[in-house]
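Asker: no letters, just coordinates:
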């Protein structure tokens, strides 16, 4: 989106270069074109299914699943409805305030926020640890970030994923493997992401799958405004320690 940046905050930390780079110009071209298409959007909505491997006492890892419905209007409007292991939550951003509302507990927190989406996301994540899933694809420096932090970036051919013909791209370093599937159609939007932690036993994964993309929808401004429901409690939120 024009002047709209969304940071994905990879679940796993990225390491520095190892020796012997392998960079595929086709992979770079596909990612750059995807970013250019997204950069021209004025608004969008999509559904996002995520799963994360979490440590468990008896079976090493269990998968935690979350469903997200995301609406964005550049440069300063965002709404996320999220259902998963943390309950039913909503994130409302209207360009001035950010509100986290728990539908499960009927309580909310509202704080002043910066005047654009990327600054809001950076601020809410840094100050309060709020995560905005799979938003890195909207970051215009995505390709450069991969090139900066991974020594391998390759195109693995066309694969059929989630009912779509996709370009399959992989990046790797000593700590992580990242796989990205981009739709092989007119829009070239992201379809799927898998991040694998190579340092931990059983290689836990984070997976995100996009569904139901809508391009430049007419989104009513009222959906980004939060109005407390009857009986909702205003609660405080403490900054995370740094």
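Answerer: Received it, and whenever you're ready, just let me know what you need. Predicted model, so just to flag it, every value in this text is computed and none were measured.

Asker: flag every buried residue along the helix or strand of the chain with the lowest mean pLDDT.
Answerer: Here the helix or strand of the chain ranked lowest by mean pLDDT, DSSP states H and E is helix 117-128, holding a mean of 89. For helix 117-128, the neighbour count (16 or more other Cβ atoms under 10 Å) marks 117, 118, 120, 121, 123, 124 as buried. Just so you know, the C-beta spots here come from the backbone N, C-alpha and C atoms, and that holds for glycine as well.

Asker: contacts for that helix next, please.
Answerer: With contact meaning Cβ atoms under 8 Å, 6 or more residues apart in numbering, helix 117-128 is reached by 4-7, 9, 72, 74-78, 93, 98, 111, 113-114, 130-132, 135, 139, 237-240, 242.

Asker: show me these that map onto strands.
Answerer: The strands, defined by DSSP state E, take in 72, 77, 78, 93, 98, 111 from the contacts of helix 117-128.

Asker: just checking, next helix/strand downstream of the helix or strand containing residue 38?
Answerer: Assigned by DSSP states H and E, residue 38 belongs to helix 25-39. Past helix 25-39, further along toward the C-terminus, the next helix or strand under DSSP H and E is strand 43-56.

Asker: any buried residues in that following strand, and which?
Answerer: Residues of strand 43-56 classed as buried by neighbour count (16+ other Cβ under 10 Å): 43, 44, 45, 46, 48, 49, 50, 51, 52, 53.

Asker: now the helix holding residue 38 against strand 43-56, angle please.
Answerer: Interaxial angle, helix 25-39 versus strand 43-56 (axes from the mean of the first three to the mean of the last three Cα atoms, to 10 degrees): 120 degrees.

Asker: so which bits of helix 25-39 are buried?
Answerer: 27, 28, 30, 31, 34, 35, 38, 39.

Asker: measure the fifth one to residue 167 for me?
Answerer: Shown here: residue 34 relative to residue 167, a distance of 9 Å by Cβ to Cβ, to the nearest Å.

Asker: please apply the same query to residue 59.
Answerer: Counting by Cβ to Cβ, the gap from residue 59 to residue 167 is 34 Å.

Asker: so for those two, which sits in the more crowded spot?
Answerer: residue 167 (24 against 8; other Cβ atoms under 10 Å).

Asker: related to what we said a few turns ago, and the buried residues of strand 43-56, which is closest to residue 197?
Answerer: residue 53 (8.3 Å; Cβ to Cβ).

Asker: pLDDT score for that closest one?
Answerer: Listed pLDDT for residue 53 reads 87.

Asker: what about the residue lying closest to it once chain neighbours are set aside, neighbour count?
Answerer: Nearest-residue entry for residue 53: residue 204, 3.5 Å, with adjacent residues in sequence omitted and distances by Cβ to Cβ, 6 or more residues apart in numbering. A count of nearby residues for residue 204, using other Cβ under 10 Å, gives 19.

Asker: now swap in residue 224 and tell me
Answerer: 20.

Asker: likewise the one 3 residues further on?
Answerer: For residue 227, the tally of surrounding residues (other Cβ under 10 Å) stands at 9.

Asker: so is it in a helix, a strand, or just coil?
Answerer: The assignment at residue 227 comes out as coil when based on DSSP: H, G, I helix; E, B strand; the rest coil.
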